[in-house]
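S.K.: Could you look at this predicted model? Sequence included:
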Amino acid sequence: MARKGGIDRGLYQNARGDWCIEWHDAEHRRHREKVGKKSHARLLYQKRKADALARRKLPELFARPQVATFNELADDALTWSRLHKRSHREDAWRIRRLRDRFGKRLARDVTPAAVEHFMAEEIRAGKRPATVNRSWALLSLVFRLAVEHGKLDSNPCARVRQLAEHNKRQRFLSPEEESRLRAAIAARWPRRLAELDIALHTGLRQGEQYGLRWPQVDFERRLIVLPLTKPGDAHVVRLNDTALAAFRSLLPKRRRELAVTASSVSPLSPLSPLGDHTGVRVFDIKNPREWFKMAKNDAKIEDFRWHDLRHTVGSRATQAGVPLRFIQQFLGHKSLTTTERYSHLAPEYQKDVVKALESFGKKAAKVGQSEPPKTATSG
């Protein structure tokens, strides 16, 4: 139902015919409430509007005692993080730095200027803008929850801008570097070559790869099923021959480690015949940090991280002419904007556009030439 002017401006009916009100509080946030009768809705709307106006004009009359310390608010935020965030362990680690900075001071004493000063100190300490922005986001969460719980009136981070991030890496592994890296791994850690092959042929994130369990690897359908990825969605990665062979090479080793006889396990499906070991991890380590760092040093490869192997997958697919939309789906990027970092590696796309425009121009010119010239007729 359309809203009317005057006193009924904030009144409307929902689909069931109940009367509702829409109003804005002292901080200009919109609220909606279902009331029931129109007369009751009109009275409640007047009350809400008067209360918001009074809080806006005379905030000192409605000020609440704010005696909570920052540490108390941090404890509340960590509890919330454990229930709602996959990155709660990272939050627990990051919040230690915030506790050291703001200590036992009252939360109401943390001003926007104090937040900006903290961010500036982090930059001077050598932290990257993206890292500082994560600390800002966690600090904002602490104060936002405090406002929702009635322990604080406002969030000081709401008036502090995040830092501009210009640290998108463009580091890829060249064929020459890959050859040196493979030689270094083969010389000291030959069993780790399969891990490198899987990374270069699946584009999995480090946590996704080293968190894999055998039930997620489907040998018959040649795919990996990831129930929960970084963007928060399920994702399926298809396996080519190289990746499939790498997984197969790992299976006998894991069988021996689990003391499972080879005759009791099907070569195509390592899942159900493993019995109680179906939840076992594919890899015997949780991350490649130790051996990968030494391998890079042996191969004399600088400024390269494990995640850059994922960038290498995207860059090689782009150079091979795979459309960016397909690369986005394969790598599991939530937004095409993330995948577009590889677009400069495919200049042939621009050539195709130029050729298409040129062909259209030629066609238009031919059509124009084929039309007979119009002559003026005398009346």
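M.R.: Arrived safely.
S.K.: In which helix or strand does H31 reside?
M.R.: Here H31 sits within strand 30-36, counting by DSSP states H and E.
S.K.: Please read the previous query as pertaining to L138.
M.R.: In the assignment (DSSP H and E), L138 maps to helix 129-148.
S.K.: now the end-to-end length of stretch 201-219.
M.R.: One end of stretch 201-219 sits 15 Å from the other (CA to CA, to the nearest Å).
S.K.: scratch that, stretch 106-118 is what I was asking about
M.R.: Separation of the first and last residues of stretch 106-118 by CA to CA is 16 Å.
S.K.: what does that stretch rub up against?
M.R.: With contacts defined as CB atoms under 8 Å, 6 or more residues apart in numbering, stretch 106-118 is touched by 66-70, 72-73, 101-102, 135-136, 139, 143, 146, 151-153, 156-157, 159-160. C-beta here means a position set from N, CA and C on the backbone, and glycine is covered the same way.
S.K.: So which residues of this protein form helices?
M.R.: With DSSP state H as the criterion, the chain has helices at 38-57, 70-84, 88-102, 112-124, 129-148, 175-188, 193-202, 206-210, 241-257, 289-299, 307-319, 324-331, 336-339, 348-370.
S.K.: for those helices, which one sits closest to A234?
M.R.: Closest approach to A234 among those (CB to CB): helix 206-210, 11.8 Å.
S.K.: For the closest one, the averaged confidence score.
M.R.: In this model, helix 206-210 carries a mean pLDDT of 92.
S.K.: how near is L98 to L250?
M.R.: 41 Å (CB to CB, to the nearest Å).
S.K.: How about D298?
M.R.: Distance from D298 to L250, counting by CB to CB: 23 Å.
S.K.: Settle it for me: which of these two has more neighbours?
M.R.: More neighbours surround L250 than the other of D298 and L250, with 20 against 16 (other CB atoms under 10 Å).
S.K.: shaky segments in the stretch 101-250 of the chain?
M.R.: Applying pLDDT under 70 to the stretch 101-250 of the chain flags residues 166-169, 229-232.
S.K.: Please repeat the previous calculation with a cut-off of 50.
M.R.: In the predicted model, the stretch 101-250 of the chain carries no residue with pLDDT under 50.
S.K.: Any buried residues in stretch 81-100, and which?
M.R.: Within stretch 81-100, the residues that count as buried by 16 or more other CB atoms under 10 Å are S81, D91, R94, I95, L98.
S.K.: picking that back up, put the alpha carbons of the strand holding H31 into CSV.
M.R.: Extracted C-alpha coordinates of strand 30-36, given in CSV (Å, rounded to 0.1, in the frame of the first residue of the first chain):
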residue,chain,number,x,y,z
ARG,A,30,16.2,2.8,8.9
HIS,A,31,14.0,0.5,11.0
ARG,A,32,10.8,-1.4,10.2
GLU,A,33,8.3,-2.8,12.7
LYS,A,34,5.1,-4.8,12.3
VAL,A,35,2.4,-3.4,14.6
GLY,A,36,-1.1,-4.7,13.6
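S.K.: How about residues contacting that strand?
M.R.: With CB under 8 Å, 6+ apart as the contact definition, strand 30-36 has outside contacts at N14, D18, W19, C20, I21, E22, W23, H24, D25, A41, L44, R48.
S.K.: what's the neighbour count on the nearest residue to the second one once chain neighbours are set aside?
M.R.: In space, and not counting its chain neighbours, D18 is closest to K34: 5.3 Å by CB to CB, 6 or more residues apart in numbering. By other CB under 10 Å, the residues close to K34 number 11.
S.K.: and if you look at L58?
M.R.: 10.
S.K.: now swap in R9 and tell me
M.R.: 13.
S.K.: Over to the one 4 residues further on?
M.R.: Residues contacting Q13 under the criterion other CB under 10 Å number 14.
S.K.: Show the contacting residues for the residue nearest to W306 when sequence neighbours are not counted.
M.R.: Among residues not flanking W306 along the chain, Q206 sits closest, at 5.1 Å (CB to CB, 6+ apart). For Q206, the contacting residues are N287, P288, W306, H307, by CB under 8 Å, 6+ apart.
S.K.: Apply 7 Å and report the result again.
M.R.: N287, W306, H307 (CB atoms under 7 Å, 6 or more residues apart in numbering).
S.K.: got the contact list for the residue nearest to the first one when sequence neighbours are not counted?
M.R.: If you skip the residues right next to it in sequence, N287 has Y210 as its closest partner in space, 5.5 Å away by CB to CB, 6+ apart. Applying CB under 7 Å, 6+ apart, we find Y210 in contact with F283, I285, K286, N287.
S.K.: and which of those residues is nearest to T312?
M.R.: Taking CB to CB as the measure, T312 lies nearest N287 of those, at 18.4 Å.
S.K.: Now that closest one: phi and psi?
M.R.: phi -160, psi 160 (degrees, to the nearest 10).
S.K.: Tell me, how many residues neighbour N155?
M.R.: 21.
S.K.: Make JSON lines from the contacts of Q206 and add neighbour count and pLDDT to it.
M.R.: Output for the contacts of Q206, formatted as JSON lines (neighbours: other CB atoms under 10 Å; pLDDT from 0 to 100):
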{"residue": "N287", "neighbour count": "14", "pLDDT": "91"}
{"residue": "W306", "neighbour count": "19", "pLDDT": "94"}
{"residue": "H307", "neighbour count": "13", "pLDDT": "91"}
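S.K.: between these, which is nearest V236?
M.R.: Set against V236, the nearest of the contacts of Q206 by CB to CB is H307 (20.8 Å).
S.K.: so who does that closest one touch?
M.R.: Contacts of H307 by CB under 7 Å, 6+ apart are Q206.
S.K.: How about stretch 191-210, which residues are buried there?
M.R.: Under 16+ other CB under 10 Å, the buried positions of stretch 191-210 are 192, 194-206, 208-210.
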